[in-house]
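In: Mind folding the following:
(2 chains)
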Number of protein chains: 2
Amino acid sequence: MTPFADRLIEATRRLRHPLCVGLDPFADRVPALFGQPGSLDALGSFFSAVLERVAGKVAIVKPQMGLFEPYGPEGVALCGRLCAEAHDHGLMVMLDAKRGDIGTTADGYARAYLGPSPTLHADAITVNPYMGLDTLEPFANAAQSEGKGFAVLVRTSNPGAGDFQDLNVGGAPLWERVAQALRPLADSLTGDTGWSSMMVVAGATWPDEARRLRALLPNAPFLVPGYGAQGAGAVDACAGFVAGPAGREGGVVSSSRAILYPKGADASGTLDEWRQIIDAALDAAIAELRAATAL
Amino acid sequence: MTPFADRLIEATRRLRHPLCVGLDPFADRVPALFGQPGSLDALGSFFSAVLERVAGKVAIVKPQMGLFEPYGPEGVALCGRLCAEAHDHGLMVMLDAKRGDIGTTADGYARAYLGPSPTLHADAITVNPYMGLDTLEPFANAAQSEGKGFAVLVRTSNPGAGDFQDLNVGGAPLWERVAQALRPLADSLTGDTGWSSMMVVAGATWPDEARRLRALLPNAPFLVPGYGAQGAGAVDACAGFVAGPAGREGGVVSSSRAILYPKGADASGTLDEWRQIIDAALDAAIAELRAATAL
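Out: Prediction:
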């Protein structure tokens, strides 16, 4: 079985860009042409149409579990259906669920989303390290036995990210200590591409820190959120990337709202008009990231 | 609307013990009398029967979301149904989901489980602080506007808890810095009982640390996991409690497996025999905690 890291990095090399499309359901921004505004049916039709546009153009999509859960079990079921549709389109899936717990509960999350026999089938999941390295073991096991991956929160991009992540631990901020502690795990999950199936979440709004994080974890692909709507540009988002066979590489850069809900896409146009607007937003992000990662 | 903290603490005063019953689904340990072993139907019947035994005897139950999620949307739906049944029995619900994310996603989790109009209705939820204080705001807002609560992971009880929580930050471990940073939030959510609707998770296997945590956060009720199966005794579990009008008080102590799956309860007995075994396990835990919290 091909390791998650190799599947991901080979796809980004083939496509020559690291764009990941975030699937963030904001029901009030879904165009009326997809159905009753605010309904789960409309959200489902909308994301099915998004996945059709995205298929073949990006390596991976990232459903935001925390925005499906307010719809209850039906929202979770929709998220699962979209993961299956993404796979049918040849897309990989990073489930952005930021899970983290101990012992049998951590096992439960890994079983639920990475398998074997997951009920909501993702290729990788985002996880929180606060409870300790042992809480990451079930995800590492799924990386080794199922060809799956996981992305550990290290440095996030929100305004309060520094409250704890920047605390001074013997001369270095906490997030650097977390990165250092993760190094053996990253090394143990390295595939043929040289990259690890343990990714790290590296906020796009902190490019200097992305470079330091890259030095600490040379083989952990980055999941860079916050490109587009959260204000970071393509060059900053790729600050932690390194030279590879098809351009600068080293992870994926996620954009959600700028692609799903671009200016003009909420107007009462036709499906064809909507497709053109989405395609343009997608192509613009891809072009920008290709330029930012050209050697 | 009565604050979460006051509802919880008044219930533990009335009952004269802090026991919280964890609802951890382990399908292979559910007695065959509840239905097809391993099935979700059997789990549902089992937990409905557990809630009947628990009703009136404890203040709060704690469903472990990470063990329902492997059953997919149907597992999430069952968890929601059990929360509703718990409320029908007059029990409060702490959803152990350890959520944590930024901005609109944090809002999503708070909406999903605390409301207004939650799809899975809990009184409180466990949350992870790693991403910063701003990520706790939606839960604090739900505490203020909906009378709900939340329990922040500070010091956990798993073997790897110390990997990051014990890192030395200017002479004190990280978990103490997290506790200090939470103080203003805890103070801002204090009710008539003097206790805050911001709880903290305080691992029961570290009683000395529980006392230090109590000094740092004098009004945050503790959610103490790990009593019973994880090896901590009642006296240690209540190490952070302080004198109150009905005994030592200051949070709840959670036990799951020792009450749900006691020795003998998996044998092929009758429903009446099972009830007697569960009642005995429940009464033993209550007696032990009453003794540990007697003034």
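In: need the contact list for A:Ala294.
Out: A:Ala294 sits next to A:Gly247, A:Arg248 when contact means Cβ atoms under 8 Å, 6 or more residues apart in numbering or on different chains. C-beta: built from backbone N, CA, C; applies to glycine.
In: Give me the pLDDT for it.
Out: Listed pLDDT for A:Ala294 reads 96.
In: and it, what are its phi and psi?
Out: For A:Ala294, the backbone dihedrals are phi -70, psi 140 (criterion: degrees, to the nearest 10).
In: cool, A:Ala202 as well?
Out: Residue torsions, per degrees, to the nearest 10, at A:Ala202 are phi -130, psi 100.
In: List the contacts of it.
Out: A:Val154, A:Arg155, A:Glu209, A:Ala210, A:Leu213, A:Phe222, A:Leu223, A:Val224, A:Gly240, A:Gly251.
In: Please report the distance of the residue of chain A most remote from its centre from chain B.
Out: Taking Cα atoms, centre = their mean, the residue of chain A most remote from its mean C-alpha position is A:Gly170, at 31.3 Å. Note on A:Gly170: its distance to chain B, by Cβ to the nearest Cβ, to the nearest Å, is 6 Å.
In: from what I can see that residue touches B:Asn168, true?
Out: Yes - A:Gly170 is in contact with B:Asn168 according to Cβ atoms under 8 Å; the separation is 6.4 Å.
In: where does A:Val201 fall, phi/psi-wise?
Out: According to degrees, to the nearest 10, A:Val201 has phi -80, psi 120.
In: Now do the buried residues in the helix ranked longest in chain A.
Out: Ordering each helix of chain A by length in residues (DSSP state H) puts helix A:271-293 first. Residues A:274-275, A:277-278, A:281-282, A:285-286, A:288-290, A:292-293 are the ones in helix A:271-293 that count as buried (16 or more other Cβ atoms under 10 Å in any protein chain shown).
In: returning to what we had before: compare the contacts of A:Ala202 and tell me which is most surrounded.
Out: A:Val224 (32 neighbours; other Cβ atoms under 10 Å in any protein chain shown).
In: For that one, give its distance to A:Gly100.
Out: 20 Å (Cβ to Cβ, to the nearest Å).
In: Likewise for A:Ala179?
Out: 17 Å.
In: cool, A:Lys62 as well?
Out: 18 Å.
In: got the contact list for stretch A:213-222?
Out: Contacts of stretch A:213-222 (Cβ under 8 Å, 6+ apart): A:5, A:8-9, A:154-155, A:175-176, A:179-180, A:182-183, A:186-187, A:190, A:194-196, A:198-202, A:210, A:240-242, A:250-252.
In: Let's see that with 6 Å instead.
Out: A:179-180, A:186, A:190, A:195-196, A:198-200, A:202, A:240, A:250-251 (Cβ atoms under 6 Å, 6 or more residues apart in numbering or on different chains).
In: Any buried residues in that stretch, and which?
Out: For stretch A:213-222, by 16+ other Cβ under 10 Å, it's A:Leu213, A:Arg214, A:Leu216, A:Leu217, A:Asn219, A:Ala220, A:Pro221, A:Phe222.
In: got the residue ranges for the helices in chain A?
Out: A:4-15, A:40-54, A:65-68, A:72-88, A:103-113, A:137-146, A:162-165, A:174-188, A:207-216, A:234-237, A:257-260, A:271-293.
In: nearest to B:Ile125, of the ones you listed?
Out: helix A:65-68 (12.0 Å; Cβ to Cβ).
In: Redo the contacts of stretch A:213-222 as CSV? Include distance to A:Ser117 and pLDDT.
Out: Output for the contacts of stretch A:213-222, formatted as CSV (distance: Cβ to Cβ, whole Å; pLDDT from 0 to 100):
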residue, distance to A:Ser117, pLDDT
A:Ala179, 33, 98
A:Gln180, 35, 98
A:Ala186, 27, 98
A:Thr190, 26, 98
A:Trp195, 27, 98
A:Ser196, 25, 98
A:Met198, 22, 98
A:Met199, 23, 98
A:Val200, 27, 98
A:Ala202, 31, 94
A:Gly240, 35, 96
A:Gly250, 32, 97
A:Gly251, 28, 98
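In: Adding distance to A:Ala142, write these out as a markdown table.
Out: Below are the contacts of stretch A:213-222 laid out as a markdown table (distance: Cβ to Cβ, whole Å):
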| residue | distance to A:Ala142 |
| --- | --- |
| A:Ala179 | 22 |
| A:Gln180 | 24 |
| A:Ala186 | 15 |
| A:Thr190 | 16 |
| A:Trp195 | 17 |
| A:Ser196 | 14 |
| A:Met198 | 11 |
| A:Met199 | 13 |
| A:Val200 | 17 |
| A:Ala202 | 22 |
| A:Gly240 | 25 |
| A:Gly250 | 22 |
| A:Gly251 | 19 |
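In: Quick check: residues of the stretch 51-200 of chain A near chain B?
Out: For the stretch 51-200 of chain A, the contact set with chain B under Cβ under 6 Å from any Cβ of the partner chain comprises A:64, A:66-67, A:69-70, A:72-73, A:76-77, A:98, A:100-102, A:105, A:108-109, A:111-112, A:119, A:128, A:130-134, A:156, A:158-161, A:163, A:167, A:169, A:177.
In: Next, work out how far apart A:Pro37 and A:Gly72 are.
Out: Following Cβ to Cβ, the distance that separates A:Pro37 from A:Gly72 is 19 Å.
In: can you list the weak-confidence ranges in the stretch 101-250 of chain A?
Out: A:204, A:229-232 (pLDDT under 70).
In: Would you check that A:Leu167 makes contact with B:Val169?
Out: Yes - taking Cβ atoms under 6 Å as the definition, A:Leu167 is a contact partner of B:Val169 at 4.8 Å.
In: Which neighbours do those two have in common?
Out: In contact with both A:Leu167 and B:Val169: B:Arg177, using Cβ under 6 Å, 6+ apart.
In: what's near enough to touch the residue farthest from the centre of chain A?
Out: With the criterion set at Cβ under 6 Å, 6+ apart, A:Gly170 makes contact with nothing.
In: quick one: it from A:Val152, how far?
Out: Distance from A:Gly170 to A:Val152, by Cβ to Cβ: 21 Å.
In: Just the buried residues from the residues of the stretch 51-200 of chain A next to chain B, in PyMOL please.
Out: Here is the PyMOL command that selects the buried residues among those (16+ other Cβ under 10 Å):
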select buried, chain A and resi 64+66+67+69+70+72+73+76+77+98+100+101+102+105+108+109+111+112+119+128+130+131+132+133+156+158+160+161+163+167+169+177
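In: does any bit of stretch A:32-44 sit next to chain B?
Out: No - applying Cβ under 6 Å from any Cβ, one finds stretch A:32-44 separated from chain B by no less than 10.9 Å.
In: ok, A:Ala11 - contacts?
Out: Applying Cβ under 6 Å, 6+ apart, the residues contacting A:Ala11 are A:Ala59.
In: returning to what we had before: would you list the buried residues of helix A:271-293 in TSV and tack on distance to chain B?
Out: Shown next, in TSV, are these (distance: Cβ to the nearest Cβ, whole Å):
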residue	distance to chain B
A:Trp274	22
A:Arg275	26
A:Ile277	22
A:Ile278	20
A:Ala281	19
A:Leu282	21
A:Ala285	20
A:Ile286	25
A:Glu288	23
A:Leu289	22
A:Arg290	28
A:Ala292	24
A:Thr293	25
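In: and which of the residues you listed is nearest to A:Asp236?
Out: A:Ala292 (8.7 Å).
In: Verify the stated contact: that closest one with A:Gly233.
Out: No - using Cβ under 6 Å as the test, A:Ala292 is too far from A:Gly233 to be in contact (8.0 Å).
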